[in-house]
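J.: compute the structure for the input listed below.
(chains A and B)
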Amino acid sequence: MAGTEQVVYVVDDDASARESLCWLLDTEGIATRAFDSADSFLRAWSGDWSGCIMVDIRMPGKSGLQLQEELNGLQNRMPVIVLTGHADVPIAIRAMKLGALDFLEKPYSDHELLDSIRAALELGLEIDRAELEKSRYAVALDALTEREREVMCLVVEGKTNKGIAAQLGISEKTVEVHRSRVMEKTAARSLSELVRMCLILKDQL
Amino acid sequence: MEMSIGVLAFRGEQDALERWSPTAEYLTESVADYRFRIVPLTLEGMVSEVSRDRLDFILTNTGNYVVLENAFGISRLATLKVRHLDKDFTQFGAVIFTRADHPELNEIEDIAGHSMLAVSQNAFGGFQMAWREMIDAGVDPFADLRALDFSGFPQDDIVHAVLAGDYDVGTVRSGTLERMAADKLIDIGKIKLLGARQSEAFPFLHSTRLYPEWPFAKARKTPEILAQRVAIALLQLQPESEAARKAYAAGWTIPLDYGPVHELFRQLEIGPYEYLKRPSLESVWREYRPWIIFSLVMILALIALAAMIGRANRRISQSESRYRDEANQRKQAQESLAAHKETLETRVRERTAELAEVNASLRRSEATLRAIHDITTDPDRSFETRLDDLLREGCRFFQMQFAATVVIRDGDVRLDKRVNSGAEELQAMAQRVANEVARISGTLTIQDFSDADALADSGCAGIASGSALGATYQVEDETSGCILFCDLQPGRRIFTDVDIDILQLMAQWLGGEIERAEINRRAQEHRAQLAHVSRLNTMGEMATGIAHELNQPLTAILNYSNGCLRLLHKQGDSNAELRDAITKVGADAKRAGDIIKRLREFIKRGELKRESFEITESIEAAVEMLRRRLLQNEISVATHCAANLPPILADRVQIEQVVVNLLLNAIDALQVCGPDSKRIEIEIDSSADGHILVTISDSGPGLPADTVERLFDPFFTTKPDGMGMGLSISRSIVESHGGTIEYQLDERGRPGFRFSLPPT
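T.: Numbering: from 1, shown residues only, chains lettered A, B, ... in the order given. Modelled structure (predicted):
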């Protein structure tokens, strides 16, 4: 998953607007992929795509907002930039509530557009990295034994070896052994990294 | 054994004893073993003695005998044969006489109006005989005479009084005149007899029927054998004997028939009982005192007993009295029914009369009603002309000079339309009448103001004379005006109920017309508002559509120009001219975008006017607005509304426009359908999350699949003359309310649109 190329997915029913945008981004060295409707995009969509989505609000069939709603239900990680022919405040608010990163009114200036896209790609990259880390940690965590996991949780909570030994009813020595195994298996370079790891994966603990 | 003979002593005891003692002695001699004794008695004494049964034999005058015979069952044994002036007779009568020279009196019937003198009211021969003859002749002595006096005995005084001229008529026992003439007391030639009769075997003048002389009678208790012996003895009495001579008699004869005497008493309605009673009460008291006292005691005891029985019987009598009461009540009810019936009949008569009157005025009114009908229903004339004609017709019908309509608003009463407006005086009067009609808020009829005292305190005070009719009308249940007619003269004819009906009819029509105009005006206003909003929406939607449509190519131009500039930059910006030109392309495209944006902002829709209302109201209003078109196209509309829908907070007019747009589309879509299959169904429901869902579906063919995607695009249309705005606008409106709208086929495959609106 790491190193996947970032792509700007353009969803717009208007061919000239769609194609011109792709061409412009191409001149900037940004990869694009174009769709003429929300449905065609959804059909192609994959959970491991990386980059951002630019979607026109007003389209035949599913609107940009409806596409947003569906994506929200699909664990989409990519940030969404909403394009509109006219700035309609209620629609803008709805788009934002649905999680749009930005809201661009056509015709947009290229700086506006590229700033927005770069920000989105940056965010997308971060999300990807976090996702990567999370999956790496998850793998590491899977390698821990039950006892090691227990010791790790107590360590992260800030308990001393002595306290852990008392709580689990084992010797302090044994706690130290478990602890070093945890650091080894998770490849955590410090206690603070271990804490961060546990925070990211707290859902799975 | 002593036998007592009661004798009527009409001339005193001594006379009676002298006259009849020889007869008693004669009987004592003739009838062995008995001694007879004379007991002289007055009439009263006679009755008293007979009633107490103290006498064995009775010798009394004819009248008295009949009374006693009737009352105490005495019976006659013999009748006296009288010898008078050497003549013997067993009967007697009376004379009714006057002076021989009396000019007016010839018959008994002539006596009426004259004066008369007699012995006594109770004297048999001395009055009662004459009385009977007078009655027979049609003269009531007690009513028809100028005077009727009684002189008492002797009878001679009567004869003298009549001859002296003190009285016109007199009556005396027969034989009296002859005796007086024989005694030279009178000249019988100076006497004129009235109703003189001739009778065989009666020697004296008489005017009356003859009645038997005194009888000799026995009491009831006296044994028959003895009575028989006495009778035989009497019949054998010789005329020359002392007993006969002393009795002025020629002896006794067999008893005569006393029936004529009875007849007399009956005819005169005097007689036994009346005569008996007064004296008998006393005598009875004297005779039976112990018995009466005993009886009284017994009666008192009986009363006490009766009281006890009465108490026991009271319940019975109470129930009897109840029955009586009920009977009385029934009787009363019947009487009151009868009375009621009479009242009803009177009422029917009155109503019939009234009806006749009403009929007459109805006939008169009929023409007017027809005229009113023609005027008010004429579709070719304006309201103003019709009102004008109506007021004129009213003036003609009521025979009034002036007519007006009056506007009543917020206490202000203002004359509006006038017909035959004449003198200022009339206008001023009309204003006052209008004020009064407005005050009472009803119907006012004044036949003549000079009579209308009751109006002294009202707005009509001060109107000296004239007549007026006025009636208010209601617009939406508010008194908002009136129609009135008035005249400076008193009413030329009497205003009837029918007149009032016609007046009220006119007022009602006027009110109805005004109300209709008001409703039309409001509907017009509503339509205008909707049309205005619709125009604004259309313009806004067009601008939006144009902006959207133009923005796409402008965006493309900008994208391309920007891309070109980047490419030029990468290649070292060697061509400055090209770079400037492409920069200007981009700038102009941006400017074009700005122009569109400003235009759109300029005609941007106003803020939503949100209010809380029932969605059904909007739908009903929309259907109502399109009623005519639906009818023209023979389309039926069915609305199904779920219960307990919450109100929505939205712009009522805008929502109405959405419904109108969808209905218009449905109407257009149904053009291709046959006449019986044109149906529109409106369903109003709510979703689980509280959204109001409105579905408008039709029985049309639906839309081609390839058009569905673009339905809501501005300028997209499937109609030959369509603008492509309706659905676009509808979507804008629904979305601006935070709702959605979509085209769908329902579970039965019918095409339709559904829009949702979020809860308040």
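J.: contacts and neighbour counts: CA atoms only from here.
T.: Noted.
J.: now for residue 157: which residues touch it?
T.: No chain in the question, so chain A it is. The contact partners of A:Glu157, by CA atoms under 8 Å, 6 or more residues apart in numbering or on different chains, come to none.
J.: could you do chain B instead?
T.: B:Ser151.
J.: in the strand or helix carrying it, what's buried?
T.: Element membership for B:Asp157 (DSSP states H and E) is helix B:156-164. In terms of neighbour count (16 or more other CA atoms under 10 Å in any protein chain shown), helix B:156-164 has its buried residues at B:Asp156, B:Asp157, B:Ile158, B:Val159, B:Ala161, B:Val162, B:Leu163.
J.: which one of these is nearest to B:Pro720?
T.: Nearest to B:Pro720 among these, counting by CA to CA, is B:Val162 at 147.6 Å.
J.: quick one: that closest one and B:Val172 touch, right?
T.: No. At 11.2 Å, B:Val162 does not count as touching B:Val172 under the criterion of CA atoms under 8 Å.
J.: report the beta-bridge partner residues of B:Phe753.
T.: B:Ile696, B:Tyr743 (DSSP bridges).
J.: how near is it to chain A?
T.: 15 Å (CA to the nearest CA, to the nearest Å).
J.: surely that residue and B:Leu693 touch.
T.: No. B:Phe753 lies out of contact with B:Leu693 (CA under 8 Å); the separation is 10.3 Å.
J.: overlap in contacts, those two.
T.: With CA under 8 Å, 6+ apart, B:Phe753 and B:Leu693 have no common neighbours.
J.: can you pull the phi/psi pair for B:Ser467?
T.: phi -140, psi 160 (degrees, to the nearest 10).
J.: so what's it bridging to?
T.: Note on B:Ser467: beta-bridge partners by DSSP bridges are B:Asp487.
J.: OK, contacts around it?
T.: B:Thr445, B:Ile446, B:Gln447, B:Asp448, B:Phe449, B:Cys486, B:Asp487, B:Leu488, B:Gln489, B:Pro490, B:Gly491.
J.: isn't the last one right up against B:Gly466?
T.: Yes. Judged on CA under 8 Å, B:Gly491 makes contact with B:Gly466 at a distance of 7.0 Å.
J.: shared neighbours of those two, which are they?
T.: Common neighbours of B:Gly491 and B:Gly466 (CA under 8 Å, 6+ apart) are B:Gln447, B:Asp448.
J.: buried ones in the helix or strand where A:Leu123 lies?
T.: Taking DSSP H and E as the definition, A:Leu123 sits inside helix A:110-143. With burial defined by 16+ other CA under 10 Å, the residues of helix A:110-143 counted as buried are A:110, A:113-114, A:116-117, A:119-125, A:127-128, A:131, A:133-134, A:137-138, A:140-141.
J.: quick one: stretch A:20-38 near chain B?
T.: Yes. Stretch A:20-38 comes into contact with chain B (CA under 8 Å from any CA of the partner chain), by way of A:Ser20, A:Leu21, A:Trp23, A:Leu24, A:Leu25, A:Thr27, A:Glu28.
J.: how long is that stretch end to end?
T.: Taking CA to CA, to the nearest Å, stretch A:20-38 runs 19 Å from one end to the other.
J.: repeat that for stretch B:392-404.
T.: Start-to-end span of stretch B:392-404 (CA to CA) is 10 Å.
J.: got it, and stretch B:106-121?
T.: End-to-end distance for stretch B:106-121, by CA to CA: 24 Å.
J.: so what touches it?
T.: With CA under 8 Å, 6+ apart as the criterion, stretch B:106-121 contacts B:96, B:104-105, B:126-128, B:133-134, B:137-141, B:144-155, B:158, B:162, B:167-172, B:192, B:194-195.
J.: now the strands for chain A?
T.: With strands called from DSSP state E, chain A shows them at A:7-11, A:32-35, A:51-56, A:80-84, A:102-105.
J.: and these: which comes nearest B:Glu242?
T.: With CA to CA as the criterion, B:Glu242 lies closest to strand A:80-84 of these, at 179.9 Å.
J.: which strands or helices does that closest one pack on?
T.: strand A:51-56, strand A:102-105, helix A:110-143 (3 or more CA pairs under 8 Å, 6 or more residues apart in numbering or on different chains; DSSP states H and E).
J.: packing partners for the second one?
T.: Think strand A:102-105. The contact analysis (3+ CA pairs under 8 Å, 6+ apart) places strand A:102-105 against strand A:80-84, helix A:89-97.
J.: pick out the shakiest of these, pLDDT-wise.
T.: Comparing mean pLDDT across the helices and strands packed on strand A:102-105, the lowest value falls on helix A:89-97: a mean of 82.
J.: pull out the buried residues from that helix.
T.: Buried-residue list, helix A:89-97, by 16+ other CA under 10 Å: A:Ile91, A:Ala92, A:Ala95, A:Met96.
J.: just those residues that are near chain B?
T.: By CA under 8 Å from any CA, the members of those lying near chain B are A:Ile91.
J.: which one of the buried residues of helix A:89-97 is nearest chain B?
T.: Using CA to the nearest CA, A:Ile91 is the member of these that sits closest to chain B, with 7.9 Å.
J.: distance of that closest one relative to B:Arg629?
T.: For A:Ile91, the distance to B:Arg629 - CA to CA - is 36 Å.
J.: so what's the residue positioned nearest the centre of chain A closest to, chain neighbours aside?
T.: Centroid-nearest residue in chain A, with CA atoms, centre = their mean: A:Ile127, separated by 3.3 Å. In this structure, A:Ile127 finds its nearest non-sequential neighbour in A:Arg77, 7.0 Å apart by CA to CA, 6 or more residues apart in numbering or on different chains.
J.: just checking, that neighbour touches A:Leu125?
T.: No. With contacts counted by CA under 8 Å, A:Arg77 stays clear of A:Leu125, the gap being 10.0 Å.
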